[in-house]
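Trainee: quick one: sequence and predicted model below, then my questions.
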Amino acid sequence: MGLSPSNAEARASKCVDDLSRHYAASVEHLRAALKDYLRHGKAPDTAARAKGVFSYPELKVIYNPDGPPPQVSRSYGKLTEAGIYATTITNPELFRDYLVEQLELLFTDYDIEARVGPSENDIPYSYVLDGADDLDMNKASPSELAGVFPYADLVSVGDEIADGVMEPDGLTMPLALFDAPRTDYSLFRLRHYTGTPFEDFQQFILFTNYHRYVDEFVKWAVGEVQKDDSPYSTFSAAGFVTIDRDTPDAVQAINEAPWRKYQMPSYHLKAPGRRGVTLVNIGVGPSNAKTATDHLAVLRPQCWLMIGHCGGLRQSQKLGDYVLAHGYLRDDHVLDDSLPLNIPIPPLAEIQTALQVATSRISGEDPEKIKSRLRTGTVVTKDDRNWELRYSSEARRFNKSRAIAVDMESATIAANGFRLRVPYGTLLCVSDKPLHGEIKLPGAANVFYERSIAEHLRIGLKTIDILKTDVAGALHSRKLRAFNEPPFR
């Protein structure tokens, strides 16, 4: 048997402290070596590098029980066999709460030993340049630096663990889905694509495919931050803008920021413990949806939800009705190699229920009225916006699938959530009916948007409130876990 809860938490916190010390020392050594090289042409000492002075820290969990492992019912934080589990860790302070939670579970339920030490993976020099304003990077080309310092070698970055194709080395088993090189790669991609610090992303994520949702979210979030009793601390907006309760003309400052420079502008209403809300405008198309979710998954969010527009496929639907996806017809073609089409993407009960309850509460309509506006069914996700040009063949296929809506992102977000073990859900708003000749004309479109977007966004935010309070730790279903999962969520 493991430790008492208080001792388990203390041991877990000490492990993260050790990880942080090692990581900070490696970053400091790497920056100092870069400075010496750029100023004096002095290359780093080979013997020192061999001792791991630039390395990511490695966390090992050693489990050698006298008998079989105990039966643990939760979907993560469990060990299914004896052995050594290991992973490399980057930026431990960013992941402190997550790491402490995962280790505390293991210390409580198992008699384990945890060790922290240098790994065989060095930190790429390009990942330590932030905050190093005394480095004159014009003194050497990237190719020259890559010949002297560790660099971001894509050979070491991949999703073999998450995809279940990693060949075991016979000595250690993976402790987590993502190691340090894969995590750092995504963290710096997030900053590049979203125009915000990766540290600002929150645990609850909304995706949208239309900027008008951003406008509504900005107005709401600024109002939340500026309340006297707000649970939120600050608001971080694309273009590296931070708003607090004392910021004058906050909405104007956000709108005037250079958010258009970024492919997927993001907005973060921040709360302690990263328990706030992030909105990501992924734009149109499955490629962006995959890119965003590939990178966000390393942050191990509690969930992500798609709220955006779709085409209604049923005659009985009206513009402004909602579609709650409980299945997906995947015609996006961006995940077929990683997650074959014959693998089902199941709905997650806790999220489905929260979305439905939130719709009822925000609309204020009685259950019978809600049934006429909220349809549950299959959503088709296409990678071709002009699928209507093949109307006959596509309509026939949609009919066979019993689909009720079509878009270009939802199945990708759900499938990558399933693949990367992040709880997912989809609530779409019908903005046109392409099979029935109902399209948005310019004047009618503006009326539709003004009426529907505010309500739709509030439903997404209410869903997150429900998941935070009513559902709590039940989000991470065993539906998302394979039979030979790494211990960490």
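Mentor: Received the coordinates, thanks. For clarity, every value in this text was computed on a predicted model and none was experimentally measured.

Trainee: now the terminal residues of stretch 465-476, how far apart.
Mentor: One end of stretch 465-476 sits 16 Å from the other (Cα to Cα, to the nearest Å).

Trainee: please read the previous query as pertaining to stretch 102-119.
Mentor: Across stretch 102-119, the straight-line distance between its terminal residues is 20 Å, by Cα to Cα.

Trainee: what's the average pLDDT for that stretch?
Mentor: The predicted model gives stretch 102-119 an average pLDDT of 97.

Trainee: in it, what's buried?
Mentor: The neighbour-count criterion (16 or more other Cβ atoms under 10 Å) identifies 102-110, 112, 114, 116, 118-119 as the buried residues of stretch 102-119. No exception for glycine: its C-beta is placed from N, CA and C like everyone else's.

Trainee: just how off-centre is that stretch within its chain?
Mentor: Taking Cα atoms, centre = their mean, to the nearest Å, one finds the center of stretch 102-119 at 25 Å from the center of the full chain.

Trainee: can I get the buried residues of stretch 102-119 in TSV including distance to I89 and secondary structure?
Mentor: As requested, these are exported to TSV (distance: Cβ to Cβ, whole Å; DSSP: H, G, I helix; E, B strand; the rest coil):
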residue	distance to I89	secondary structure
Q102	11	helix
L103	11	helix
E104	16	helix
L105	17	helix
L106	15	helix
F107	17	helix
T108	21	helix
D109	22	helix
Y110	20	coil
I112	17	strand
A114	12	strand
V116	9	strand
P118	12	strand
S119	9	strand
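
Trainee: residue ranges for the helices of the stretch 51-200 of the chain, please.
Mentor: Taking DSSP state H, counting those that start in this stretch, the helices of the stretch 51-200 of the chain run over residues 96-109, 142-146, 180-194.

Trainee: now do the buried residues in the shortest one.
Mentor: This points to helix 142-146. Residues 145-146 are the ones in helix 142-146 that count as buried (16+ other Cβ under 10 Å).

Trainee: same deal with the longest one?
Mentor: Burial within helix 180-194, assessed by neighbour count using 16+ other Cβ under 10 Å, is assigned to 180-191, 193-194.

Trainee: what about the stretch 251-400 of the chain, any weak spots by pLDDT?
Mentor: Nowhere does the stretch 251-400 of the chain drop to pLDDT under 70.

Trainee: where exactly do the strands run in it?
Mentor: 266-269, 277-281, 303-312, 322-331, 374-382 (DSSP state E, counting those that start in this stretch).

Trainee: most tightly surrounded among those strands?
Mentor: Relative to the other members of the strands of the stretch 251-400 of the chain, strand 266-269 carries the highest mean neighbour count by mean count of other Cβ atoms under 10 Å, namely a mean of 28.

Trainee: could you double-check that A180 lies in contact with I89?
Mentor: Yes. Taking Cβ atoms under 8 Å as the definition, A180 is a contact partner of I89 at 5.7 Å.

Trainee: identify the contacts common to the two.
Mentor: Y56 (Cβ atoms under 8 Å, 6 or more residues apart in numbering).

Trainee: can you redo the strands of the stretch 251-400 of the chain as JSON lines with distance to S126?
Mentor: Compiled in JSON lines, these are given as follows (distance: least, Cβ to Cβ, whole Å):
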{"stretch": "strand 266-269", "distance to S126": "22"}
{"stretch": "strand 277-281", "distance to S126": "24"}
{"stretch": "strand 303-312", "distance to S126": "28"}
{"stretch": "strand 322-331", "distance to S126": "35"}
{"stretch": "strand 374-382", "distance to S126": "34"}
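
Trainee: how about the closest residue to L299 other than its chain neighbours, what does it touch?
Mentor: In space, L299 comes closest to F201 once its chain neighbours are excluded; the distance is 5.5 Å by Cβ to Cβ, 6 or more residues apart in numbering. Going by Cβ under 8 Å, 6+ apart, F201 touches 190, 266, 268, 274, 278, 296, 299, 301.

Trainee: isn't the fifth one up against P265?
Mentor: No. Taking Cβ under 8 Å as the contact criterion, T278 and P265 are not neighbours in contact, 11.4 Å apart.

Trainee: the domain parsing of this protein - what is it?
Mentor: Per automatic domain parsing, the domain ranges recorded for the chain read 5-183, 191-480.

Trainee: and the ones you listed: which comes nearest F488?
Mentor: domain 5-183 (4.1 Å; Cβ to Cβ).

Trainee: ends of the closest one, how far apart?
Mentor: For domain 5-183, by Cα to Cα, the gap between its terminal residues amounts to 29 Å.

Trainee: R481: neighbour count?
Mentor: When counting by other Cβ atoms under 10 Å, one arrives at 16 neighbours for R481.

Trainee: local confidence estimate at it?
Mentor: Per-residue confidence (pLDDT) for R481: 92.

Trainee: if I look at it, how far off is C310?
Mentor: For R481, the distance to C310 equals 30 Å [Cβ to Cβ, to the nearest Å].

Trainee: least reliable of the helices of the stretch 51-200 of the chain going by mean pLDDT?
Mentor: Of all the helices of the stretch 51-200 of the chain, helix 142-146 carries the lowest average pLDDT, namely a mean of 92.

Trainee: ok, the residue minimising distance to the centre of the chain - contacts?
Mentor: The centroid of the chain falls nearest to L296 when counting by Cα atoms, centre = their mean (2.9 Å). Under the criterion of Cβ under 8 Å, 6+ apart, the contact list for L296 reads 186, 190, 201, 205, 280, 304, 422.

Trainee: quick check: the second one touching A297?
Mentor: What it means is L190. No. Contact status for L190 versus A297: not in contact, 10.7 Å apart, counting by Cβ under 8 Å.

Trainee: and the closest residue in space to S119 that isn't next to it in sequence, how many residues sit next to it?
Mentor: Counting by Cβ to Cβ, 6+ apart, S119 lies nearest to E58, which is 3.6 Å off, once chain neighbours are set aside. E58 sits with 23 neighbouring residues when counted by other Cβ under 10 Å.

Trainee: does E58 have beta-bridge partners, and which?
Mentor: In this structure, E58 bridges to T88, G117 when assessed by DSSP bridges.

Trainee: ok, the nearest residue to L335 once chain neighbours are set aside - contacts?
Mentor: With sequence-adjacent residues excluded and distances taken as Cβ to Cβ, 6+ apart, L335 is closest to A415, at 5.2 Å. By Cβ under 8 Å, 6+ apart, A415 lies in contact with 328, 330, 332, 335, 339, 345.
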